[in-house]
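Visitor: Would you be able to build a 3D model of this:
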Amino acid sequence: MEALKDKVAVITGGASGIGAAIARLYAENGAAIAVLDRDAAAGAAVVGQLTEAGATALYSEVDVTSSDSVRQAMDSVAEQLGGIDILVTAAGILDEKPMAEMTEQDFDRTVDIDLKGVFLAGRWGLPHLQARGGGRIINIASQLGIKGGTGLVHYVAAKAGVIGMTKAMALELAPEGILVNAIAPGPIDTPLLNGVTEEWKAAKRAELPLGRFGTAEEIAPTALLLASSPGGDIYVGQTLGPNSGDVMP
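Guide: Okay, here's the model as predicted:
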């Protein structure tokens, strides 16, 4: 279990859900972990679990919509842990609202966190990946960014943007040995789904060929594949879809 030995992984949104599951699996595979999140209590709890298990881990509070906050967090992590090799952008929000009731503020808040936050993490993590001579960026998108979804115009727009931005980043950075890919999970049983109604969840389950939502622990191995070598060595600009059959490209 040393696929990521001597690697430093930064995970935005690492205090819960998919981000926390990735942090745990990366730590089990030898990586030093930096959990970046706005929830200090949850972030400290995850780091406590990792360190108790023998991993090197730290928590840094961050607002992913603030360029200064993200830059300072990335610089601090690199200084404390010796650099950055892997960046996972898992911070995000989700709330359901019909378009006819959606305000500009609703739209802006979701896009700021779910799309701009991915850009800022990549922008300020990039110099540290370049300093290492390469690395991996793994952006957490959503299958809804591919197929759309009712009551989620803002979320779908942001996640579609993440998928497009991943391709552009991949084309630009692959010559430097920085491989950028995305994961577009289907609905996953995490606190993020607290933002949608039980009716929405029931309707979505009925659509899925697998007949159930996934778990965060079922997404983390895809992130491990993309971060590892040789497993992830020729993935460039791809969007992998552990999604219970909701999208079949």
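
Visitor: residues in contact with the longest helix along the chain?
Guide: The longest helix of the chain (DSSP state H) is helix 153-173. By Cβ atoms under 8 Å, 6 or more residues apart in numbering, the list of residues contacting helix 153-173 from outside reads 89, 92, 94-95, 97, 99, 102, 106-107, 109-111, 113-115, 118-119, 122, 126, 137, 139-142, 144-146, 148-149, 179-182, 184, 236-237, 239. Where C-beta positions appear, they are placed from N, C-alpha and C, glycine not excepted.

Visitor: Tell me which residue is most central in the chain.
Guide: Centroid-nearest residue in the chain: Ala90, 2.2 Å away (criterion: Cα atoms, centre = their mean).

Visitor: List the residues that contact that residue.
Guide: Contacts of Ala90 (Cβ under 8 Å, 6+ apart): Ile11, Thr12, Gly13, Gly14, Gly17, Ile18, Gly19, Ile22, Ile140.

Visitor: any chance of those in JSON lines, plus secondary structure and pLDDT?
Guide: JSON lines is the format used below for the contacts of Ala90 (DSSP: H, G, I helix; E, B strand; the rest coil; pLDDT from 0 to 100):
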{"residue": "Ile11", "secondary structure": "strand", "pLDDT": "98"}
{"residue": "Thr12", "secondary structure": "strand", "pLDDT": "98"}
{"residue": "Gly13", "secondary structure": "coil", "pLDDT": "98"}
{"residue": "Gly14", "secondary structure": "coil", "pLDDT": "98"}
{"residue": "Gly17", "secondary structure": "helix", "pLDDT": "96"}
{"residue": "Ile18", "secondary structure": "helix", "pLDDT": "97"}
{"residue": "Gly19", "secondary structure": "helix", "pLDDT": "98"}
{"residue": "Ile22", "secondary structure": "helix", "pLDDT": "98"}
{"residue": "Ile140", "secondary structure": "strand", "pLDDT": "98"}
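
Visitor: Show me which of the residues you listed is closest to Val46.
Guide: Nearest to Val46 among those, counting by Cβ to Cβ, is Gly14 at 6.4 Å.

Visitor: How much space separates the residue nearest to that closest one when sequence neighbours are not counted from Gly231?
Guide: Counting by Cβ to Cβ, 6 or more residues apart in numbering, the nearest residue to Gly14 once its immediate chain neighbours are dropped is Val35, at 3.7 Å. Taking Cβ to Cβ, to the nearest Å as the measure, Val35 falls 23 Å from Gly231.

Visitor: ditto for Leu144
Guide: Taking Cβ to Cβ, one finds Leu144 at 27 Å from Gly231.
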